[in-house]
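>>> pasting the sequence and the predicted model now:
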Amino acid sequence: MLTQLSLFRMSEKEISYSQLLKKSQRILQEAADREEAMQHICTLLLREIPHFDWVGFYLVDPLAEKQLILGPYAGEPTEHTRIAFGQGICGQAADTKEVFISQDVSAESNYLSCSPDVQSEIVVPILKGEELIGEIDIDSNQRNAITEQDRELLVALCEELAELF
């Protein structure tokens with residue numbers, strides 16, 4: 001959980017991670033349903049964090065074994081609407097149930113390219129106990145863009161989001 005105000009200078013815009021977490025918590029409390037909450041969170045993160053260029057959720061498909069399906073997202077459309085566990089960075093995070101960060105996606109042998117502009121990616125699992133529910137996937141068009149503060153915010157957010165499942 002973010003315990004202190006974290007400020008970083010990124011692209012001439014200051015990011016308050018603790019304020020983003022508070023806004024996200026408010027969205028989770030006020031949204032009509034889980035889909036609406038996830039969509040608003042995608043939009044918030046894309047708008048407020050300059051080095052995030054695509055934000056989306058992949059959810060475990062309850063009808064298919066070890067498959068993720070694209071949920072709400074903000075950014076350019078993607079052809080990757082279904083991802084098998086183990087496939088690409090999202091599938092790898094689903095398999096291990098661990099945060100996966102790539103500061104240079106071109107160095108990943110199993111990277112699934114959504115856009116030739118993507119340089120960095122972070123995937124954070126959403127867990128309900130030990131059960132994988134889904135994950136948040138974020139792409140950046142900058143190499144080495146993902147910070148420890150990004151990771152902390154997203155882990156805390158996914159812990160809060162898991163309560164909606």
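Here it is on my side, so go on. Numbers count the residues shown, from 1 in each chain.
>>> count of neighbours near the residue nearest to Phe85 when sequence neighbours are not counted?
In this structure, Phe85 finds its nearest non-sequential neighbour in Lys66, 3.9 Å apart by C-beta to C-beta, 6 or more residues apart in numbering. (C-beta placed from N, C-alpha, C; glycine too.) Each residue near Lys66 was counted by other C-beta atoms under 10 Å, and the total is 15.
>>> what about Lys66, distance to Pro125?
14 Å (C-beta to C-beta, to the nearest Å).
>>> mutual contacts of these two, please.
Common contacts of Lys66 and Pro125 (C-beta atoms under 8 Å, 6 or more residues apart in numbering): Ala94.
>>> is it true that Tyr111 touches Gln87?
No - proximity of Tyr111 to Gln87 does not meet the contact threshold set by C-beta atoms under 8 Å, at 10.2 Å.
>>> can you map out the strands along the chain?
In chain order, the chain shows strands spanning 7-10, 13-16, 54-60, 67-74, 82-84, 100-102, 120-128, 131-140, with DSSP state E as the criterion.
>>> ok, for Asp150, nearest residue in space, not its chain neighbours?
Nearest to Asp150 is Ile122, by C-beta to C-beta, 6+ apart, at 6.3 Å.
>>> just His40 next, same as before
His40 sits nearest to Ile27 (C-beta to C-beta, 6+ apart), 4.6 Å away.
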